[in-house]
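> Next input, structure requested:
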Amino acid sequence: GWNICCGRPPYEWGHLMAAEIGRTASKHLSSECGKATSLSSGDVSFDSSRVIIGTEQRQQSQQSHYQQRQLSPSSQQQQQQQDRTSPATTALINPTNVTSTAEAVNEVPGAIKTTINIGFAMNHVNDQENLKQLSLAPIQVNEVEEMDTQEETPNDGGGDGTDNRPINGEPELACIVQDQEMEEDEARSEATFRYTVENISKMKDSQLSPACYVRNLPWKIMVMPRSSQTQERQPQRSLGFFLQCNGESESTSWSCYAVAELRLLSCKEGQEPFSRKIQHLFYSKENDWGFSHFMTWQDVLDPDRGFIKDDSITLEVHVVADAPHGVSWDSKKHTGYVGLKNQGATCYMNSLLQTLYFTNQLRKAVYKMPTESDDSSKSVALALQRVFHELQFSDKPVGTKKLTKSFGWETLDSFMQHDVQEFLRVLLDKLESKMKGTCVEGTVPKLFEGKMVSFIKCKNIDYKSTRVETFYDIQLNIKGKKNIYESFSDYVSTESLDGDNKYDAGEHGLQEAEKGVIFSSFPPVLHLHLMRFQYDPVTDCSVKFNDRFEFYEKISLGKYLQNKEATSADYTLHAVLVHSGDNHGGHYVVFINPAGDGRWCKFDDDVVSRCTKQEAIEHNYGGQDEDMSMAVKHCTNAYMLVYIRNSELENVLQEVKEEDIPQELVERLQEEKRLEQIRRKERTEAYLYMTVNVLLEDSFDGHQGNDLYDPEHALYRVFRVRKQATVHEFLELLSDSLKYPIEQIRVWPFSTRSNQTCRPTIIESDADLQKPIIDCAENHNPWNVFVELVPPDSDMTALPPFDKDTDVLLFFKLYDPKNKKIHYCGHHYMPVVAKVQELIPILNERAGFPPDTELALYEEIKPNLVEKIDNLSEPLEKVLEELMDGDIIVFQKEGDNEMYELPTCREYFKDLFYRVEVTFCDKLIPNDPGFTIELSLRMTYDQMAKAVAQRVGTDPYLLQFFKCQNYKDSPGHPLKCTFDGTLKELVAYCKTKVKKLFYQQLSIRVNELENKKQFKCIWVGPSLKEEKEMILYPNKNGTVANLLEEAKKQVELSENGSGKLRILEMTCNKLSPGPGDETPLDHLNTSGTKLYRIEEIPLDEVNLAEGEMLVPVAHFHKEVFSTFGIPFFFKIKHGEPFPKMKDRLLKKLGVQEKEFEKFKFAVVTMGKPQFIIDSPDSCIKIEDFLPRYTSQIYPLLNTGTSPHRPWLGLEHVNKAPKRSRINYLEKAIKIYN
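Numbers count the residues shown, from 1 in each chain. Got it, this is the predicted structure:
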C-alpha cells in the first residue's frame, strides 16, 4: 500500500490525493504498480482495474446525472459531456492547480491528520473525458484494500453468488446462533440485494437499481461503463460499480457509515463471484462509493470468465450499515429506547447514565428519593429523576444540561474529559448520601459494594496482618493480559517483600513476607474498569493501550474468592462501554443488554439501534485481528464492563412500572414540562410581542436618586402585549389585571429628554388610543410607563380631566437635611398659569407640616443641577425652565440648616452626583470577588482607607491600596499613604460602572512599609523537599546582610544547623551564587525570570578545606534545558571516588535507593552534558567544575571574557505531578450540590 498523511476533511481527500499522485507518481508508481506506463509529472497514465475515485461537485454532478435519465439518448450524451468537462471538475482534478499534500494540510484549519492506505476506489461522477486527458482521477480513502494492479483472482470456494460466505472477514452469520435475527424491515441493519443489467454490451449510460431500504435509507446499485487510456495502448473500457445511499435527498445534514461487499455473480455453477469490499461514511457530498474500474469490459463480456449470460450480468451488494445521524431515525420505534443528547466532552457521561438507567433496581430507588422540597435547578436527585423519567417515557433524545447544571458545574467543567471511574464514584457517593434517611437508604452499597481482604503474611514466622476493604468497582490491568481471567489472576497475585523491602512485623523485626489481596464477596452489579489509559514511562505521558483484551458474555469468578459464597459467583455481561480514539479525545458509545437475554442495543448518544452480540462483544476486544470485521477500527475498544450476578439478574433487572414512580414526582415533572412548553411557545412567538413595564406610584417611594425611579432596580409589573394591540386594548388588560375601571386609569409613558432625564409624558389624544402600541412606544422594547390610578382612599369615580394645553403634571419630593433622605410626596395637576405659591398649602399637607410652614422650593432639572425657585409669586410657566409634564419640585423647610452636613437639597444632589460604587478585592486572593461599598469621588485617601478599614475590621494604617490595571484586571503599583488626590483620580480609568481597587492587609503600618523594600524570595529547608514563598521588608537602604537578618525572624532554623543563611540566584531550576552580604538591596533585580532563594548553610559547607568546592546541582530529563525539581549546592572533593560521592549525594537527596539507581550523572558545561562513567575507578576532578571563560557569547564586554559555571546534572524521569499551563483541567471532578 501507499501511505499518505492527509489533513483534509473526508470529502476533500480524493481531490488532494489526486493532485499529490500527479506530482509524485513518476517517483513511486513506476516501481510499485505493475501496469503503470509512461509516467511523468503532471500527466500520469494508468492501466489498472483497481481505481477508487472520489467525488467533486457532488450535488451538481449528481443532479445532472438524474436529469440524464429523463432525456433523449442524444440529449443524454450532450448533458453527460457537459458534466464531464465542467471547469470546476477539471480544476479540482488537474494536479497543476492543487498544492502539495503538506501545503494543503496546513491550509485546512482543524483538519485531522491520519495515515491511510490508498486502494483505487472511486465515486461515479468523475468522467471519461478527464481520464482521457489526464489518465488520473481523484483518489479516495479505502482502509480495506492495498494498492495492487495485478489481476483480481476469484475467491476460493464455490457457490452460486448468493450470500453464503463470510462477509467482511466475519464468521458466517448462520453460525451465530446465539444472536436473535434482526427484524426484516426497512430499519434493518444489513441486507443483500441484486440488480440484473440487460443488454450489457450495448450499455452507454449509467443505470440505477430499484431501492433497497436499510436503516430507513434507500440504497441502490449504480453501474456504468467507464473508459481509460494509456499512452501506449488503445482506450480500455471498464465496468464501474458503485453503491449509492440516499441519492435523491436534498438534505445536507445526514450521514451513515456502512461496509459493503460488491459482487459480480457468476453464471457458472460452483464458481465464486468476483467481489470487492468497501467501507465509507456516506453523506450528501459523497453519497455513492465503489469502483470506477471494477473489472475490465473485456473480462465482463468474456463468456469463458462466466459472468455474462444472454448479454446480461447480475450485480449483488451485501451492505451492513450503522444507524444514521441527521435523519429522522426513530430510536424508540426500532428499539423501544431513546438516547441522550451529546453535550460536548461529557459524552462518556451519556454512556454511564444509560448504564445506570438500565440498572433497574437503582432506577426504582432513584425515583423514590424524596425531592418534593428540592430546588429544581440545584438538586442532583431531582435532575437524575427527570433524566430517568424522560428516558423511560419520552419518544425523543433526552438532554442532560439540567443534570450537569445541578452538579454545580461551570460551563468549562461540563466539557472536561474526566475519568469515567472518577465520575462514577463521585455520582454514586452523591446518590448514596442523598438516599440516607429515606426508604431507599442502602440501595447503592447493596447493589455495587463488594469486599476484599488485603493481607501481609510472613514467610518464616506465624504472623499475618489483614484488613477488610470495600470497593464499588475494580480496576483491571490489561497490558500484557490476554483476557479477563488473566487480569483477575494478576489482581490477586501476591508480591514478595524481601531484601531491602522486608516487612516490619513489630516485635518480630524485619521479616520476609508476601502481600496481596483476595476477594471476600462480589456485589450483584460488578463494574470493571479496564486500564486502557496508563502512564507510559518511555514517553513520560499518559497513553491509551489498544491491545487486544478478551472478555466474555458469561464469566465465573469463584476461584478469586477467599471463601465460597452462598450463591455461585457467575456473572452475565450487561453493558460494554466503548471508546474510539486516542488519549486526547474520541467518541464514546455503549452496548447494553437491557434484559440480560442476549438482545443487544448500541447507544450512540442520541441514536439507539439494535446490534448483534458479536458487535457488542468481540468487536470491542481491541487490537488488530485479521478475523475482525474491517468496520472495526484499531483504536475502538472497551474501557468499562458491567456484569450482573446470575443469581441477582431477576432482582436487578426487575421491570420498572409506572406505579413504581411516586405520583407527586410524576405531577411535578409533568408541570415542569407544561411550563417548558409554554416558555418554548413564548420564545417562538417572541417577535410578535413586546414587554411593557408598568410602574405604579408606590414604585417611586424610597427612591433616593435623580428622577422618579432607578431603571435597574425598579419593581416593575411586567406585561407581555402583542405589538399590534391598540393602546385601548392595553388599557383593558390593565383594568382586568389591576381591578380598576378604565376611567380610573391613565397611562403616562416615560420618555428621555434631551438633558438625559427620564420623565412621564401624556399620550397625545384619544386617536392615539387606537394606535398599535408599538407605534406609541416608538419601537421601544421594553416600554416603561407610569400608570396613574384613582387613590384608594378617594371617593372619585374617575380621574380628573387633564388638558395637555393648559395643565401640567408635577411630582414632589421632600428633602430631610437631618437624615439626608428624600421622601416622595406624590403628584398633582396644576394649571400652567397658576402661581408657584399656590403649591405651598398642597406641599405642607403632603409633608404633614402646619399650613403656615415656610418652604424652600427647588426645581430638579438634571443630575447635579438643582435650581432654587426664588420668586413664588410668578406663574409656573415663567418660573420653571421649559415647563413640561413630569417636572419635579423638591422642597424643604426654610430655616437654619447649616448645622447639617448637606443643608440643602442642592448639596444633597451634588453629593449624589459624586457617589460611586467601588469594589475592593484582596490582592493576595486569586479571583477574589471582593466587596462593594458606596463612596464619594471627592473622598481623600484617608477617608477611603477609613471606610474600607471599617468594612474589613482593621486599622486604616494596616491597609495598602493598589490601582486596577484595566487591560488585564490586576493590581498595579501600590498607592502611597501620602496620596493627596481624590478617589475620582484613582478610578478615573475604570470603564465599568462598578469601579475596582485592590488592597492587602499588612502586618506593619503602611507608613513604615513605605520606608522599606518589599522583597519576594523562596525559602528552602535542609530536606530540599519543599519551597515556600516569603515576603520580607528590609530597609530600602539596607544590604543583603540586613535582608538575611530579616529572614531569620520568619523561618525556623535546624537545631543542629549552622544558624547562618545565604542567598542564591535561581533561573530555570538552576542555581548560581548570590550577591555578597555587603551588596546594597537596590542592586538586586527582582524582575524577570530570576528568583532569589534563601537557605541555611549546611554545617559541612560553612568552611571549605583545600580541594573542596561547592557545585550547583540540578535535575533534568533527556535535555539539559528540561530542568525540574529543587536545585541545590553540593560539596565535592578533589580526587574523591565517584561511588563515595554518590553515597553522600543519596543521603542529601533522601530518595529511595532503587530509584537512585536509575539516575545518570553529567557535568554540564555551556549546555552540553558530559556523562560521568559510573565505576569504582572514577574520581571527582575539581577542574571539571571551574568556571569557563569565553568571548564568543559576550563579545561586547571590555574584558572579552565571561564565566560559564559548569553544574552537576542528575538525569532521571520527573515523577512529580506536572503543572499544566491550563491547570484548571487537572482539578478533581466534583458534584457541588
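
> which residues of the stretch 751-900 of the chain fall in helices?
773-776, 839-847, 876-879 (DSSP state H, counting those that start in this stretch).

> Neighbours of Asp1100, how many?
11 (other C-beta atoms under 10 Å). In this view, the C-beta of every residue, glycine as well, is placed from N, C-alpha and C.

> for this structure, longest helix please?
helix 663-684 (DSSP state H).

> Report the buried residues of that helix.
Within helix 663-684, the residues scored as buried using 16 or more other C-beta atoms under 10 Å are 665, 668-669.

> and if you look at stretch 186-194?
Quick answer for stretch 186-194 (16+ other C-beta under 10 Å): 187-191, 193.

> Could you name the helices and strands sitting against the strand ranked longest in the chain?
Longest strand of the chain, by residue count under DSSP state E: strand 1119-1133. In terms of contacts (3 or more C-beta pairs under 8 Å, 6 or more residues apart in numbering; DSSP states H and E), strand 1119-1133 is packed against strand 1070-1073, strand 1108-1117, helix 1138-1149, strand 1207-1211.

> For the ones you listed, give me JSON lines that also has mean pLDDT, distance to Lys364 and mean neighbour count.
Formatted as JSON lines, the helices and strands packed on strand 1119-1133 follow (pLDDT from 0 to 100; distance: least, C-beta to C-beta, whole Å; neighbours: other C-beta atoms under 10 Å):
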{"stretch": "strand 1070-1073", "mean pLDDT": "86", "distance to Lys364": "62", "mean neighbour count": "18"}
{"stretch": "strand 1108-1117", "mean pLDDT": "92", "distance to Lys364": "53", "mean neighbour count": "19"}
{"stretch": "helix 1138-1149", "mean pLDDT": "90", "distance to Lys364": "57", "mean neighbour count": "16"}
{"stretch": "strand 1207-1211", "mean pLDDT": "92", "distance to Lys364": "59", "mean neighbour count": "22"}
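
> Can you tell me, leaving aside adjacent residues, what's nearest to Ala211?
Pro218 (3.6 Å; C-beta to C-beta, 6 or more residues apart in numbering).

> Can you give me the distance of the one you found to Asn966?
61 Å (C-beta to C-beta, to the nearest Å).

> Looking at those two now, which is surrounded by more residues?
Legend: neighbour count by other C-beta under 10 Å for Pro218 and Asn966, higher for Pro218 (16 against 13).

> which residues sit in contact with the more buried one?
Shown in contact with Pro218 (C-beta atoms under 8 Å, 6 or more residues apart in numbering): 211-212, 245-248.

> where in the stretch 651-800 of the chain is pLDDT low?
765-766 (pLDDT under 70).

> ok, now the stretch 501-650 of the chain?
Looking at the stretch 501-650 of the chain by pLDDT under 70, you get 535-541, 584, 624-634.

> Strands of that one, residue ranges please.
Taking DSSP state E, counting those that start in this stretch to define them, one finds strands in the stretch 501-650 of the chain at 503-504, 510-511, 513-521, 525-530, 533-536, 541-544, 554-556, 570-582, 585-592, 600-604, 607-611, 636-645.

> Quick one: closest of these to Phe455.
Among the strands of the stretch 501-650 of the chain, the nearest to Phe455 by C-beta to C-beta is strand 513-521 (6.4 Å).

> Show me what the closest one is packed up against.
Checking 3+ C-beta pairs under 8 Å, 6+ apart, strand 513-521 ends up next to strand 450-458, strand 495-497.

> and the residue nearest to Tyr908 when sequence neighbours are not counted, what is it in contact with?
Leaving aside its chain neighbours, Tyr908 sits nearest to Leu902 (4.6 Å; criterion: C-beta to C-beta, 6+ apart). The contact partners of Leu902, by C-beta under 8 Å, 6+ apart, come to 817, 820, 908, 911.

> tally of neighbours for the second one?
Spelled out, that is Lys820. Around Lys820 there are 15 residues (other C-beta under 10 Å).

> and it, how far is that from Glu901?
In terms of C-beta to C-beta, Lys820 sits 7 Å off from Glu901.

> What of the first one?
Pro817 sits 8 Å away from Glu901, taking C-beta to C-beta as the criterion.

> Next: Ile1173.
In terms of C-beta to C-beta, Ile1173 sits 85 Å off from Glu901.

> Which of the three states applies to Arg363?
For Arg363, the secondary structure call by DSSP: H, G, I helix; E, B strand; the rest coil comes out as helix.
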